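Participant: Here is my input, please return the structure:
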Amino acid sequence: MTHIFGNTASLAKTQRSLGPEVFEYPLLPAQLHGCIQSATPDIQYPLEVDYDYAAVRQATFRRGSNWSNWEELLPPRHPKVNMPVGNTPLVDVSALAPAHAARRVLVKDESRNPTWSHKDRLNTFTVSAALYENAQTIIVASSGNHGVSAAAMASRAGLSCIVLTMPEVSEAFRDMILGYGAYPIYLSADDRWPAMRQLQELPGFYPVSNLTKTHTGHPWGPEGYKTIAYEILAELDGEIPAAVVVPTGYGEMLYGIYKGFTEVQRLGHINRIPQLVSVEPAARGPLYHALKAGRAAVTVAAGPTVQSGTATTVNGYRSVVAIRESRGIAMVVTDEAARAAHRAMAQQGLWQEISSSAALAALNMVERFENDGPIVLMGCSTGLKEPTKPAQAHAIAPDIASLRAYLKTEFGFEF
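Facilitator: Numbers count the residues shown, from 1 in each chain. The predicted structure follows:
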């Protein structure tokens with residue numbers, strides 16, 4: 001391509017509806033309200049980016065391959081969006097494998113991304129689209145990782161960023177948003193969306209998060225998550241996992257991983273795709289309930305949960321497609337089980353968000369998978385971002401008796 005995208009190997013050609021009828025749109029502008037031709041009063045179907053797969057020549061997915069090998073299968077990346085993203089490690093935590101499913105268990109540790117979460121993959125391409133559409137200010141509604149990532153990517157690209165967040169956002173998220181030079185606005189959860197819709201009408205303002213009742217999101221965003229599937233295959237040197245367990249909110253990452261594996265199969269590099277397992281808080285679980293009811297999307301009550309990273313009240317249709325087409329499994333996990341998994345992960349040297357650790361809890365609940373191979377758990381973000389209550393610390397005397405008494409009283413540790 002040599003038009004507005006400059007020199008790029010991308011073979012992206014159109015935006016394509018995921019609804020029951022196939023409708024196509026130009027690659028830009030991004031259809032931020034979903035497919036307008038298939039929308040109903042109940043649902044707006046999301047779009048994905050379609051490619052000229054017959055022209056793919058460079059893609060390889062064996063050990064040593066990386067993003068430079070996958071440019072044909074990704075949207076055009078704007079030159080200003082040049083933060084190194086991805087290439088996160090698979091960490092072996094097989095010691096945590098349940099007895100009934102003894103096999104290799106690996107955590108894809110997304111906390112190694114620049115802003116410590118998987119959202120950097122999504123915003124690599126949403127911010128690229130924004131630049132190609134001549135945006136000046138990014139707007140994002142987020143309670144955490146998405147807003148932080150958008151702030152960082154926008155700042156590096158020379159764009160302003162407004163983050164519509166909530167008063168109860170964790171101090172870590174607030175400080176990161178401010179640290180990247182973005183502008184947080186604190187609103188109630190429901191007021192963020194009307195504010196987003198009003199701001200996006202202003203010249204130069206560009207939303208990189210959802211605008212619709214049933215989540216559609218930015219069509220370019222989930223394309224960044226395909227690289228997770230590519231990287232897993234590359235690190236495993238082509239070995240296909242039995243399953244990938246994905247903490248799931250709106251389901252953009254779930255769908256991106258599904259699409260990545262599907263593309264590699266379409267190109268003839270693998271002969272099957274892994275089963276996908278979605279993991280949601282038991283107090284909400286809209287995807288779980290949508291699949292159970294055979295519906296494209298449902299809205300559930302906002303039950304209280306500590307799994308804040310996946311605490312959505314409506315699912316996205318992408319997630320339904322990913323579970324259905326991968327013969328996957330939808331799971332819900334209690335906060336108690338998620339906390340226990342969080343502690344177990346910490347004992348393996350991984351301090352994840354509680355919502356990320358829920359992937360391990362879900363694994364303990366799955367009786368069997370259809371295929372052999374390792375199981376990959378998605379570790380979405382670091383526990384450093386969890387909301388915490390300030391604790392008052394008091395200095396103690398440095399003698400052995402005082403140290404011993406303190407450790408026993410505070411932590412139950414004796415020596």
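
Participant: quick one: low-confidence ranges for the stretch 251-400 of the chain?
Facilitator: When residues are selected by pLDDT under 70, those of the stretch 251-400 of the chain lie in 387-388, 390-391.

Participant: The closest residue to residue 226 other than its chain neighbours: neighbour count?
Facilitator: Nearest residue to residue 226 in three dimensions, chain neighbours excluded: residue 260, at 3.4 Å (CB to CB, 6 or more residues apart in numbering). C-beta: built from backbone N, CA, C; applies to glycine. Neighbour count of residue 260, defined by other CB atoms under 10 Å: 25.

Participant: Now name the helix or strand holding residue 260.
Facilitator: helix 252-266 (DSSP states H and E).

Participant: coming back round to it: just confirm the residue nearest to residue 226 contacts residue 230, I think it does.
Facilitator: Yes - counting by CB atoms under 8 Å, residue 230 is a contact partner of residue 260 at 5.6 Å.

Participant: For the residue nearest to residue 145 when sequence neighbours are not counted, give the beta-bridge partners.
Facilitator: With sequence-adjacent residues excluded and distances taken as CB to CB, 6+ apart, residue 145 is closest to residue 117, at 4.0 Å. With DSSP bridges as the criterion, residue 117 is bridged to residue 381.

Participant: Does residue 117 touch residue 111 like I think?
Facilitator: Yes - using CB under 8 Å, residue 117 makes contact with residue 111 at a distance of 6.8 Å.

Participant: what's the neighbour count on residue 163?
Facilitator: Residue 163 has 31 nearby residues by other CB under 10 Å.

Participant: Check residue 285 too.
Facilitator: 27.

Participant: Residue 263 now?
Facilitator: Around residue 263 there are 21 other residues, counting by other CB under 10 Å.

Participant: what's the nearest residue to it if we skip its chain neighbours?
Facilitator: Distances taken as CB to CB, 6+ apart put residue 73 closest to residue 263, at 6.0 Å, once the chain neighbours are dropped.

Participant: Same check on residue 150?
Facilitator: residue 140 (4.3 Å).

Participant: do residue 334 as well
Facilitator: For residue 334, ignoring the flanking residues on the chain, the nearest one in space by CB to CB, 6+ apart is residue 282 at 4.7 Å.

Participant: What of residue 277?
Facilitator: Computed as CB to CB, 6+ apart, the closest residue to residue 277 that is not its neighbour in sequence is residue 245, at 4.3 Å.

Participant: Now do residue 250 against residue 137, distance only.
Facilitator: Distance from residue 250 to residue 137, counting by CB to CB, to the nearest Å: 23 Å.

Participant: again, but for residue 296
Facilitator: 33 Å.

Participant: same question, residue 155
Facilitator: Residue 155 sits 12 Å away from residue 137, going by CB to CB.

Participant: which neighbours do those two share?
Facilitator: Common neighbours of residue 155 and residue 137 are listed as residue 161 (criterion: CB atoms under 8 Å, 6 or more residues apart in numbering).

Participant: Quick one: the strands in the stretch 201-350 of the chain, in order.
Facilitator: For the stretch 201-350 of the chain, the strands defined by DSSP state E, counting those that start in this stretch occupy 205-207, 243-247, 275-281, 329-333.

Participant: Kindly reformat those as JSON lines and extend each row with mean neighbour count and distance to residue 13.
Facilitator: Listed next are the strands of the stretch 201-350 of the chain as JSON lines, based on neighbours: other CB atoms under 10 Å; distance: least, CB to CB, whole Å:
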{"stretch": "strand 205-207", "mean neighbour count": "23", "distance to residue 13": "22"}
{"stretch": "strand 243-247", "mean neighbour count": "29", "distance to residue 13": "27"}
{"stretch": "strand 275-281", "mean neighbour count": "27", "distance to residue 13": "26"}
{"stretch": "strand 329-333", "mean neighbour count": "23", "distance to residue 13": "32"}
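
Participant: Would you convert the ones you listed into TSV that also reports distance to residue 28?
Facilitator: Output for the strands of the stretch 201-350 of the chain, formatted as TSV (distance: least, CB to CB, whole Å):
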stretch	distance to residue 28
strand 205-207	12
strand 243-247	28
strand 275-281	29
strand 329-333	34
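
Participant: wait, which of those is closest to residue 15?
Facilitator: Closest approach to residue 15 among these (CB to CB): strand 205-207, 15.9 Å.

Participant: ok, now how distant is the closest residue to residue 408 other than its chain neighbours from residue 117?
Facilitator: Leaving aside its sequence neighbours, residue 408 sits nearest to residue 414 (CB to CB, 6+ apart; 5.4 Å). Noted for residue 414: a distance of 38 Å to residue 117, by CB to CB.

Participant: Repeat that for residue 183.
Facilitator: 20 Å.

Participant: Neighbour count for the two, which is higher?
Facilitator: residue 117 (26 against 14).

Participant: Pull the contacting residues for that one.
Facilitator: Residue 117 touches 110, 111, 145, 148, 149, 380, 381, 382, 385, counting by CB under 8 Å, 6+ apart.

Participant: give me that answer again for 7 Å
Facilitator: Residue 117 is in contact with 110, 111, 145, 149, 380, 381, counting by CB atoms under 7 Å, 6 or more residues apart in numbering.

Participant: how about the last one, what does it touch?
Facilitator: Under the criterion of CB under 7 Å, 6+ apart, the neighbours of residue 381 are 110, 111, 116, 117, 118, 145, 309, 353, 356.

Participant: do that again at 10 Å, thanks
Facilitator: 109-111, 113, 115-119, 144-145, 148-149, 247, 309, 352-353, 355-356 (CB atoms under 10 Å, 6 or more residues apart in numbering).

Participant: Against residue 110, how distant is it?
Facilitator: When distance is defined by CB to CB, residue 381 is 6 Å away from residue 110.

Participant: Also the third one?
Facilitator: In this view, residue 145 and residue 110 are 9 Å apart by CB to CB.

Participant: Give me the common contacts of these two.
Facilitator: Joint contacts of residue 145 and residue 110 (CB under 10 Å, 6+ apart) are 116, 117, 118, 119, 120, 353, 380, 381, 382.

Participant: And for the residue most central in space within the chain, nearest residue in space, chain neighbours not counted?
Facilitator: Nearest to the geometric centre of the chain sits residue 253, at 4.2 Å (CA atoms, centre = their mean). Using CB to CB, 6+ apart and skipping residues adjacent in sequence, the residue nearest residue 253 is residue 225, 4.6 Å away.
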